[in-house]
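In: Sequence first, predicted model second:
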Amino acid sequence: MSDHKARKRFGQNFLTDEGIINQIVSAIAPRKDDHLVEIGPGLAALTQRLTRAGKLTLIELDRDLASRLRIEFVNTEHVELIEGDALTVDLDPLSQPLRLVGNLPYNVGTQLVIRFMQWGGAKDMTFMLQKEVVQRLCAEPGDKHYGRLAILRACYAQADYLFDVPPTAFDPPPKVDSAIIRLTPLRTPVVQINDLSQLEKVTAAAFGQRRKTLRNSLSSLISESDLEALGINPKLRAENLSPQEFANIANALEHSDGPALSD
Ligand code: SAM
């Protein structure tokens, strides 16, 4: 391990297990015609092996790590470094299609994934995240991890749960398990949603009180009869509804100001 002291505020847990590093790089499978963007390269555990790609862009927020990377890759022409925050760096100017990869800082991991899914310009994304976040992104109706994140994800991308990574693969070891996910943005959306903010309103209300029936949890947004008119049983709970059914409720709300007075 290097002399760099891991910084908690940047979510720094560095990969040290060679077997796991190889497994992640095999899952990414960099090719000569790829433009890879690595988020948070850190001490370059993955980075060295990613230079097989035709072009590699590194985005690192920690100034000390960025200067090490600048020195390490100064003579590698097809590698460029952006010292900045992956939450705000503009990806549009980078030549596309891009493949986004990285062992994401867990403190902003969910925010980064949502940002990249909504940006929509990636060909695919292979990320390590806290295992629970990967479970929530991949969850299907009926699963205990199914909720707002799974529904949002279904609007943008296909999710594949690749494999788990134990805390012992890192230095320092995180307190939680990790997992690798592949997200493939959908060229043709599967879920037809007109207004995302309405969908978020509906899923926040439904999963905010997930043990309640939809009739109760959504009562301030839509009437029981309007739910029935959409073919949705008001006695179901949020966990039983598909992303498209949530989208149908959100799309119906756009044309109404709440439940009819008669209900
Ligand atoms: N890739 C390295 C590895 O696997 O060993 C480091 C992974 S570590 C979990 C997360 C990395 O992301 C750190 O290098 C950290 O400095 C960097 N980082 C944290 N927040 C960031 C942000 N908002 N934008 C870009 N990089 C960030």
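Out: All right, it came through fine.
In: Neighbours of the nearest residue to Pro172 once chain neighbours are set aside, how many?
Out: Excluding its sequence neighbours, the residue lying closest to Pro172 (CB to CB, 6 or more residues apart in numbering) is Ala6, at 5.5 Å. (C-beta placed from N, C-alpha, C; glycine too.) Residues lying near Ala6 (other CB atoms under 10 Å) number 16.
In: Ala159 now?
Out: Neighbour number of Ala159 under other CB under 10 Å is 20.
In: likewise Gly11?
Out: Neighbour count of Gly11, defined by other CB under 10 Å: 19.
In: Report the contact partners of the closest residue to it other than its chain neighbours.
Out: In this structure, Gly11 finds its nearest non-sequential neighbour in Pro105, 2.8 Å apart by CB to CB, 6+ apart. With contact taken as CB atoms under 8 Å, 6 or more residues apart in numbering, Pro105 is in contact with Phe10, Gly11, Gln12, Gly40, Leu112.
In: wait, the third one sits on Ser2?
Out: So the one you mean is Gln12. No. Using CB atoms under 8 Å, Gln12 is not in contact with Ser2; the gap is 11.7 Å.
In: Quick check on these two: which one has the bigger neighbour count.
Out: Per other CB under 10 Å, whichever of Gln12 and Ser2 has more neighbours is Gln12, with 23 against 11.
In: neighbouring contacts of stretch 195-214?
Out: Defining contact as CB under 8 Å, 6+ apart, one finds that stretch 195-214 is touched by 147-148, 151-152, 155, 193, 216-218, 220-222, 227, 232-239, 241, 246-247, 249-251, 253-254.
In: Buried ones among the residues you listed?
Out: 147-148, 151-152, 155, 193, 217-218, 221-222, 227, 232, 234, 237-239, 241, 246-247, 249-251, 253 (16 or more other CB atoms under 10 Å).
In: Quick one: mark the members of these that sit in helices.
Out: Cross-referencing the buried ones among the contacts of stretch 195-214 against helices under DSSP state H gives Arg148, Ile151, Leu152, Cys155, Ser217, Leu227, Phe246, Ala247, Ile249, Ala250, Asn251, Leu253.
In: tell me the two of the contacts of Pro105 that are most distant?
Out: Gln12 and Leu112 (14.9 Å; CB to CB).
In: separation between the residue nearest to Gly11 and Arg136?
Out: Distance, Pro105 to Arg136, by CB to CB, to the nearest Å: 17 Å.
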